[in-house]
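K.L.:
how does the following fold in three dimensions:
(4 chains)
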Number of protein chains: 4
Amino acid sequence: MKKKRLIAVIGGGQCSAPEARLAEEIGRELAKRGAILVCGGLGGVMEAACRGASAEGGVTIGILPGDNHQAANPYVQIPIATGIGYARNVAVVKSAQAVIAVGGSYGTLSEIGHALQSGIPVIGLNTWSLSRNSQPDNSIIPVQNPTEAVDKALNLVTD
Amino acid sequence: MKKKRLIAVIGGGQCSAPEARLAEEIGRELAKRGAILVCGGLGGVMEAACRGASAEGGVTIGILPGDNHQAANPYVQIPIATGIGYARNVAVVKSAQAVIAVGGSYGTLSEIGHALQSGIPVIGLNTWSLSRNSQPDNSIIPVQNPTEAVDKALNLVTD
Amino acid sequence: MKKKRLIAVIGGGQCSAPEARLAEEIGRELAKRGAILVCGGLGGVMEAACRGASAEGGVTIGILPGDNHQAANPYVQIPIATGIGYARNVAVVKSAQAVIAVGGSYGTLSEIGHALQSGIPVIGLNTWSLSRNSQPDNSIIPVQNPTEAVDKALNLVTD
Amino acid sequence: MKKKRLIAVIGGGQCSAPEARLAEEIGRELAKRGAILVCGGLGGVMEAACRGASAEGGVTIGILPGDNHQAANPYVQIPIATGIGYARNVAVVKSAQAVIAVGGSYGTLSEIGHALQSGIPVIGLNTWSLSRNSQPDNSIIPVQNPTEAVDKALNLVTD
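P.N.:
This next block holds a predicted model:
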């Protein structure tokens, strides 16, 4: 009954083809290493990551904003319909032991904020970068490719 | 990639030994029939149900009120740390296609209210009964034992 | 800068004419005694209570489920758009020092559950009554009329 | 019964003395112009803004993460105890017609993300700046001082 690691993949509900390829590869890598993928359950980066994880036999959880399980992308195996709207972003990141961001818009930015506020590490691939009062904030750990993203995420998890 | 059925088991975070036996048996039955158990992730009825489901090789999800995965009972395989407090009660019931209540106090009552408000069927075993303006409200479907509870829950699910 | 008392009025988003009269009178009484009215911000009992409070120059707060301030009834002076759906029911009752329920359906039942779980007193007028394991639960304090409801609510508040 | 404008002031729960001076002046300006101040209800920037607004006779609302009204800073006149933790950040920004950020850490960043995701304008004073994929994102409207912040916020509100 060992608890598995949950890693969140966050990013836009719509995304470019290159972003989808990155997210899918991240999903594959997470599944190969036995991690559970948690995400917001919708399209774009979330769907691509779930597709990759499912292709490798991994478990995928989608924490949905609305009431309807049917809104989940077809690769979500366990849909959690929260009914709390974008406040579900908090649950997406807090459920994870590390977060991997791929691209993304303002919703992703809110998730990065919630994760960093909670001390959950954030790994970033072609995503936001931050500065505060004109000083760079290096809290988002930059990586170059999906394998490195998953390596960092799993290495950072403290059990 | 057929989505499995999610059935919520709700009830007190502390419970009597007879309630624990009922909840454990419900967990066993759900697992035997391939349903995923979703609950609030804590002790009492939630823990007993997860223990039963795990014993039969079923999948257990705990939607926790707090930030800490460690607060989950030891039989929760997939802890979802929402950080939203008792508002997580909404997510517990909305994630399920049917809800089985065993005993329970006011938190359970709030979950029954949220489920009925959302049109999610509630099956009750030794739990709340309701009347409104002195007229009985029969929305909670009464059952006599765990097997009947699981039968009704799965029969009521519309895909 | 003395903090004023916040009293929640809960009940159906649609209601009968007699219920609306009760709620309006409760709103009037709360305003006359200097309490702030908090509610879910929508129609029915919520609107009637806000109308009554506004008529007496009271302050009215509507904690809305959605994103749109425009969804508030016209007597809400301070709309709080939560965007968290029915999980806002938790915030409605937790913001109050006492809750008055008038009629109501399952959403109101969920609010009663959340209030009692949090130790916030609930006064009821033609609303739900509860029993558990066939034993009556008398946690909802019954009253006969709006004045008595407001009397009890304000007497129960501990500062 | 004209609805008043609600403007959110966001920023750190702890802040520097210069940030507190900026926030207090923003609170004063909002009150002078008849806007209602909404914030997260705690210390730092939130407290300074409420102090300023109160000094000018303005109305202050604190949307608190926890269950306890007593956690509000002493200048919050209307405490909304949500019990939903940092998910209350969503309600803080969605309740407002414009948001003014002063300094702030990751919680403030999450609020900026939620506001921009919802199309609510964000005015920034010594706060985060953003870039995405190495391209600056200029969604946060920079201002030089409290008066300009309040001018922009009120000018941007569309009724």
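
K.L.:
ok, residues contacting the helix ranked longest in chain A?
P.N.:
The longest helix of chain A (DSSP state H) is helix A:17-32. With contacts defined as Cβ atoms under 8 Å, 6 or more residues apart in numbering or on different chains, helix A:17-32 is touched by A:7, A:9, A:11-12, A:15, A:36-37, A:44-60, A:100, A:102-103, A:125-126, A:145-147, A:149-150, A:153. For glycine as for every other residue, the C-beta is placed from the backbone atoms N, C-alpha and C.

K.L.:
show the buried residues in those residues.
P.N.:
A:7, A:9, A:11-12, A:15, A:36-37, A:44-54, A:58-60, A:100, A:102-103, A:125-126, A:146, A:149-150, A:153 (16 or more other Cβ atoms under 10 Å in any protein chain shown).

K.L.:
out of those residues, which are inside strands?
P.N.:
Within those, residues falling in strands by DSSP state E are A:Ile7, A:Val9, A:Gly11, A:Ile36, A:Leu37, A:Thr60, A:Ile100, A:Val102, A:Leu125.

K.L.:
okay if I get these as JSON lines plus pLDDT and distance to chain B?
P.N.:
Shown next, in JSON lines, are those (pLDDT from 0 to 100; distance: Cβ to the nearest Cβ, whole Å):
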{"residue": "A:Ile7", "pLDDT": "98", "distance to chain B": "13"}
{"residue": "A:Val9", "pLDDT": "98", "distance to chain B": "15"}
{"residue": "A:Gly11", "pLDDT": "98", "distance to chain B": "20"}
{"residue": "A:Ile36", "pLDDT": "97", "distance to chain B": "7"}
{"residue": "A:Leu37", "pLDDT": "98", "distance to chain B": "11"}
{"residue": "A:Thr60", "pLDDT": "98", "distance to chain B": "9"}
{"residue": "A:Ile100", "pLDDT": "98", "distance to chain B": "18"}
{"residue": "A:Val102", "pLDDT": "98", "distance to chain B": "22"}
{"residue": "A:Leu125", "pLDDT": "97", "distance to chain B": "24"}
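
K.L.:
want to throw these into a markdown table with distance to chain D?
P.N.:
Shown next, in a markdown table, are those (distance: Cβ to the nearest Cβ, whole Å):
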| residue | distance to chain D |
| --- | --- |
| A:Ile7 | 20 |
| A:Val9 | 17 |
| A:Gly11 | 12 |
| A:Ile36 | 22 |
| A:Leu37 | 22 |
| A:Thr60 | 23 |
| A:Ile100 | 16 |
| A:Val102 | 11 |
| A:Leu125 | 10 |
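
K.L.:
and of these, the nearest to A:Lys94?
P.N.:
Nearest to A:Lys94 among these, counting by Cβ to Cβ, is A:Ile7 at 13.0 Å.

K.L.:
next, the angle from the longest helix of chain A to strand A:6-11.
P.N.:
Computed by axes from the mean of the first three to the mean of the last three Cα atoms, to 10 degrees, the angle separating helix A:17-32 from strand A:6-11 equals 180 degrees.

K.L.:
closest to D:Asn89 out of the ones in strands among the buried ones among the contacts of helix A:17-32?
P.N.:
Nearest to D:Asn89 among these: A:Gly11, at 20.3 Å, using Cβ to Cβ.

K.L.:
distance of the residue nearest to that closest one when sequence neighbours are not counted relative to A:Lys4?
P.N.:
Among residues not flanking A:Gly11 along the chain, A:Val45 sits closest, at 2.8 Å (Cβ to Cβ, 6 or more residues apart in numbering or on different chains). Distance of A:Val45 to A:Lys4, computed by Cβ to Cβ, to the nearest Å: 22 Å.

K.L.:
ditto for A:Ile123
P.N.:
From A:Ile123 over to A:Lys4 (counting by Cβ to Cβ), the distance is 19 Å.

K.L.:
higher neighbour count, those two?
P.N.:
Ranked by neighbour count (other Cβ atoms under 10 Å in any protein chain shown), A:Ile123 and A:Lys4 place A:Ile123 first, with 24 against 14.
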